[in-house]
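J.: What shape does this take:
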Amino acid sequence: QVQLVESGGGLVQAGGSLRISCEASGRTFSTNVMGWFRQAPGKDREFVAAIGWRGINTNYADSVKGRFTISRDNAKNTVYLQMNGLKPEDTAVYYCASRKNFATIPTNSALMYDSWGQGTQVTVSS
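T.: As a prediction, this is how the structure comes out:
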């Protein structure tokens, strides 16, 4: 499995921006589909975005399309989530996740990811 460490969370006002990062170690990063999920208090974990190996194929939840951008830097073993136009309903713990080696689909199904980070809190005030 791969070890994932998220960073960059914090408190931001509605309409603001934040970029969170996830650094991977322990196995080859460049052949792993990476995803971001989030979980708000009292709610189920939900898909946010995913990205393929080369950063070309991406997938977004409808709720974040046009506001969030997922990207990756394989040289740094890091995946990013740029969040613009933040809303209070974006408040959640954001988790980074990795699919197993050579899986190719940036799926929105949490069941298809086998490694998870500890999460980083993002709070958007109104």
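J.: if I pick the residue lying closest to Ser25 once chain neighbours are set aside, what's in contact with it?
T.: Leaving aside its sequence neighbours, Ser25 sits nearest to Gln3 (CB to CB, 6 or more residues apart in numbering; 4.9 Å). (C-beta placed from N, C-alpha, C; glycine too.) By CB atoms under 8 Å, 6 or more residues apart in numbering, Gln3 lies in contact with Ala24, Ser25, Gly26, Ser115.
J.: and if you look at Phe47?
T.: Gly35, Phe37, Ala61, Asn108, Ser109, Ala110.
J.: and Gly15, what does it touch?
T.: Gly85, Leu86.
J.: and it, that's in a helix?
T.: No: looking at Gly15 with DSSP: H, G, I helix; E, B strand; the rest coil, it is coil, so not inside a helix.
J.: Show me where this structure has its helices.
T.: Here the chain has no helices by DSSP state H.
J.: residue nearest the centroid of it?
T.: The C-alpha lying nearest the average C-alpha coordinate of the chain belongs to Trp36 (CA atoms, centre = their mean; 2.2 Å).
J.: give me the beta-bridge partners of it?
T.: Residues in a beta bridge with Trp36, per DSSP bridges, are Ala49, Cys96.
J.: how much space between it and Gly66?
T.: Distance, Trp36 to Gly66, by CB to CB, to the nearest Å: 16 Å.
J.: what about stretch 40-53, average pLDDT?
T.: Mean per-residue pLDDT for stretch 40-53: 96.
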